[in-house]
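Participant: heads up, no residue letters with this:
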DNA sequence: GATGGTCTATTGGTCAGACCTAAGTTACCA
DNA sequence: TGGTAACTTAGGTCTGACCAATAGACCATC
């Protein structure tokens, strides 16, 4: 009987419940209204003190809600008269920062980064060859010039490298790919900058490949673009990983 | 003379400066320390009042900083005794929410989403064919069974669909690709669920393609996997975009 | 001895009110 | 007319108080 009772009582199951915070409630409300397009871009939200009287919440609560939306890229906050919270559509920057955080936070292996680039970038090149504008080409040419300067520092080379790769992504005119490639390129930059990954030979080869891919993009030749980009990122990855392997081996050997 | 003086004085050039907010300074400091691994997962940060005395900032400033980190997925905050801010590594969830925000903000066309999947997923399939384990295959098989159930609801079909695609990414054993595909799949799910994108024909074709790709992955045949996945996601994208185009056209026509 | 109530200490959540700082607007004076 | 001082509006920060959630200890009841 007691057993039956126990069984009956624990038979009632409830899911863990969430009790939302006041600031979350306000943030959610505003977020929905922004995303459904009720507030258009650059619409100023009411001033904080006005929101306080409207919502009957305290100013700190209102401010926390606004801070949430700011971090999510949904509003931009300006101080001073005629300042306030202005509605913004979250852009590729939001994607970029969150991807960067994941890459940095999860200590993603360099190999995984390079693999991911191998996945994404050939496709970017293909789209770029289809949709590139004259302005896109200018960016690529400028980066190519900077890369060709063999006298430049490693940092300058890597920066120009990032510019070129991001330029290709930009030429794809796909916001999501742009955000991903920006985050990826920067991550690969920082992962390779302190090492002896990059020697003159690698730089020479990269410069050559970039020029040839740029030519395919200019000529609106998607097949060539995807093929060459594939080869380029793959061989670059191989070169870097070879160095990494040698390094990995040499370090434990010293310790042993 | 006065002129010379003026000239001399404006010869000193300064770049426009950014004065960071106190809360940002604290958030940045904590973020760096978390990302560099100084604080390991689940480490509790000091209580707010303790941070107040350490930093000599006010509690509202400290709280805003913590709120920033919380939104970025770097800490998890619990109320009550033994509560506080606990360090977290940002996971794919963070990417997913920001991608969804960008998508919902309509900065991203459904076409861009599908394009991005076309970029990433064939490569995932290729890696999966190389590195899959027996457990990975079990997940894929289970999803395939659920998809084959033609009597299921649309929601069930889409969920099984997501499970399969994420399963392929998981089998690639590349953390970054797993995160990206999880975010992407869910985004595509929500973008297509309320529509008449998915008819029985699409479901049948998807089920067939999944089985055949799964076979290639099981057989450790990267070339077949990449080729079939390419064809699958491309034709799926085409089917969805055709529906979208018809819809786009029909709506203005009704208004005119 | 399992169940539930009560108390207490700790910690985040919210509130109210003050003052500081940034940045447009306006008015006034040289 | 042009510069600048004063005013106004807005976010940024600070202080101090109280509320609410939670964990743990102890106790009462059946």
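Facilitator: Sure, I can see it. Note that the structure is predicted; figures quoted are calculated from it, not measured.
Participant: next helix or strand past the helix-or-strand element of chain A with minimal mean pLDDT?
Facilitator: Every helix and strand of chain A was ranked by mean pLDDT, DSSP states H and E. The lowest is helix A:2-11, at a mean of 49. The element immediately downstream of helix A:2-11 (helix or strand, assigned by DSSP states H and E) is helix A:22-35.
Participant: near DNA strand D at all, that following helix?
Facilitator: No: Helix A:22-35 stays clear of DNA strand D (CB under 7 Å from any atom of the strand), getting no nearer than 9.9 Å. For the C-beta atoms, the positions are set from N, CA and C on the backbone; glycine is no exception.
Participant: just how off-centre is that helix within its chain?
Facilitator: Helix A:22-35 sits 25 Å away from the centroid of its parent chain (CA atoms, centre = their mean, to the nearest Å).
Participant: try stretch A:145-157
Facilitator: The mean C-alpha position of stretch A:145-157 is separated from the chain mean by 24 Å, CA atoms, centre = their mean.
Participant: return the set of buried residues in that stretch.
Facilitator: A:146-147, A:157 (16 or more other CB atoms under 10 Å in any protein chain shown).
Participant: ditto for stretch A:219-227
Facilitator: Buried-residue list, stretch A:219-227, by 16+ other CB under 10 Å: A:221-222, A:224-227.
Participant: repeat that for stretch A:52-63.
Facilitator: A:52, A:55, A:57, A:60-63.
Participant: next, count neighbours for residue A:175.
Facilitator: 21 (other CB atoms under 10 Å in any protein chain shown).
Participant: hang on, I meant residue A:244
Facilitator: Neighbour tally, residue A:244, other CB under 10 Å: 18.
Participant: gap between it and residue B:231?
Facilitator: Distance check for residue A:244 against residue B:231: by CB to CB, to the nearest Å, it reads 34 Å.
Participant: break chain A down into its domains, please.
Facilitator: Domain segmentation of chain A under automatic domain parsing yields A:18-87, A:93-246.
Participant: near chain B, anything from the longest one?
Facilitator: Yes: under the criterion of CB under 8 Å from any CB of the partner chain, chain B is reached by domain A:93-246 at A:94-95, A:97-99, A:101-109, A:112-113, A:115-116, A:118-120, A:122-124, A:127, A:174-177, A:179-180.
Participant: over to the first one?
Facilitator: Yes: shown here: domain A:18-87 in contact with chain B (CB under 8 Å from any CB) through A:23, A:34-35, A:37, A:60, A:63-64, A:67-68, A:71-74.
Participant: which of these count as buried?
Facilitator: The buried subset of these - by 16+ other CB under 10 Å - is A:23, A:34-35, A:60, A:63-64, A:67-68, A:71-74.
Participant: now the residues you listed in TSV, with pLDDT, secondary structure and distance to DNA strand C?
Facilitator: Below are those laid out as TSV (pLDDT from 0 to 100; DSSP: H, G, I helix; E, B strand; the rest coil; distance: CB to the nearest atom of the strand, whole Å):
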residue	pLDDT	secondary structure	distance to DNA strand C
A:23	95	helix	4
A:34	94	helix	20
A:35	91	helix	22
A:60	96	helix	4
A:63	96	helix	9
A:64	96	helix	6
A:67	96	helix	11
A:68	96	helix	11
A:71	96	helix	15
A:72	96	coil	17
A:73	95	coil	20
A:74	96	coil	19
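Participant: give me the number of residues near the residue in the stretch 151-256 of chain A that DNA strand D sits nearest to?
Facilitator: Closest to DNA strand D within the stretch 151-256 of chain A is residue A:179: 25.2 Å, counting by CB to the nearest atom of the strand. For residue A:179, the count of nearby residues is 27 (other CB under 10 Å).
Participant: ok, now which ones touch it?
Facilitator: Neighbour list for residue A:179: A:91-96, A:99, B:102 [criterion: CB atoms under 8 Å, 6 or more residues apart in numbering or on different chains].
Participant: can you list contacts of stretch A:123-137?
Facilitator: Residues contacting stretch A:123-137 (CB under 8 Å, 6+ apart): A:167-174, A:177, A:181, A:213-214, A:216-226, A:228-229, B:115, B:118-119.
Participant: one step back: so which strand or helix has the residue of the stretch 151-256 of chain A closest to DNA strand D?
Facilitator: helix A:175-193.
Participant: and that helix, what's buried?
Facilitator: For helix A:175-193, by 16+ other CB under 10 Å, it's A:175-188, A:191-192.
Participant: what does stretch A:93-109 give?
Facilitator: A:93-106, A:108.
Participant: ok but residue A:198 is inside a strand, no?
Facilitator: No: counting by DSSP: H, G, I helix; E, B strand; the rest coil, residue A:198 is not part of a strand but coil.
Participant: and it, its phi and psi?
Facilitator: phi -110, psi 110 (degrees, to the nearest 10).
Participant: just list the residues touching it, thanks.
Facilitator: A:154, A:157-158, A:192.
Participant: now, these that are in helices?
Facilitator: A:154, A:157-158, A:192 (DSSP state H).
Participant: hmm, back to that, show me the residues of domain A:93-246 next to chain B that map onto strands.
Facilitator: Secondary structure defined by DSSP state E assigns none of the residues of domain A:93-246 next to chain B to strands.
Participant: let me know the closest of the ones in helices among the contacts of residue A:198 to residue A:201.
Facilitator: residue A:157 (12.9 Å; CB to CB).
Participant: any idea how far chain B is from the closest one?
Facilitator: According to CB to the nearest CB, to the nearest Å, residue A:157 stands 24 Å off from chain B.
Participant: I'd say that residue and residue A:147 touch.
Facilitator: Yes: if you go by CB atoms under 8 Å, residue A:157 and residue A:147 touch, sitting 6.5 Å apart.
Participant: so where's the stretch 151-256 of chain A uncertain?
Facilitator: A:194-196, A:248-256 (pLDDT under 70).
Participant: change it to 50
Facilitator: A:251-256 (pLDDT under 50).
Participant: just the stretch 1-150 of chain A next, same as before
Facilitator: A:1-7.
Participant: tell me which residue is most central in chain A.
Facilitator: Residue closest to the mean C-alpha point of chain A, counted by CA atoms, centre = their mean, is residue A:96 at 2.1 Å.
Participant: alright, that wraps it up for me.
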